[in-house]
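In: dropping the sequence and predicted coords here.
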Amino acid sequence: MSNLIQSHYANEDIQKLNMCTDINKWKSEVTFIKIENEFYNKLFLSKLIDKTEINRQDLYFLQQELSSLNNKNEEFLERLHAFINELDGFNECEDLQCENFYLNEIQKFKIQIENYFFENRNLKTLVYSYISNGIKKML
């Protein structure tokens, strides 16, 4: 495991290592959410949903929420790519003020993306419940 913290690492190296790990994890999560949302959109448009006799208003609501989530997802994916490019600027920092700027930007983004992941999980809970109820009606 090359990403383990070595005893000779300075605090700045550890911060950079943690930032890179976080960014890679977030990018993976956002990419998976995109794939997952595409699946649900296709499912909601399929004939399978027609067979379940479930509430169309709920379906419309979930489709709208998924659409909104897709838009946020694309925004976060773009922002992640921007952060990856900005890490070069962080690597070139020569003073504490510069480092603090990048660390604060990453911290703000971390709060925003974690809130987004929470929102995503809540919506997916509704989607799972919706699909589960539809399946129960079919059985």
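Out: On my side now, so go ahead. Numbers count the residues shown, from 1 in each chain.

In: so where does Ser129 fall, helix or strand?
Out: helix 96-138 (DSSP states H and E).

In: and that helix, average pLDDT?
Out: In this model, helix 96-138 has a mean pLDDT of 88.

In: give the other helices and strands that that helix contacts.
Out: If you count contacts as 3 or more C-beta pairs under 8 Å, 6 or more residues apart in numbering; DSSP states H and E, helix 96-138 packs onto helix 11-45, helix 47-52, helix 56-91. (Each C-beta comes from the backbone N, C-alpha and C, glycine too.)

In: show me what the second one is in contact with.
Out: Contacts with helix 47-52, where a contact means C-beta atoms under 8 Å, 6 or more residues apart in numbering, come from 43, 59, 134-135, 137-138.

In: just the buried residues of that helix, please?
Out: Of the residues in helix 47-52, 49, 52 count as buried by neighbour count, 16 or more other C-beta atoms under 10 Å.

In: same check, this time on the longest one
Out: Buried positions in helix 56-91, judged by neighbour count with 16+ other C-beta under 10 Å: 59, 62, 66, 69, 72-73, 76-77, 80, 83, 90.
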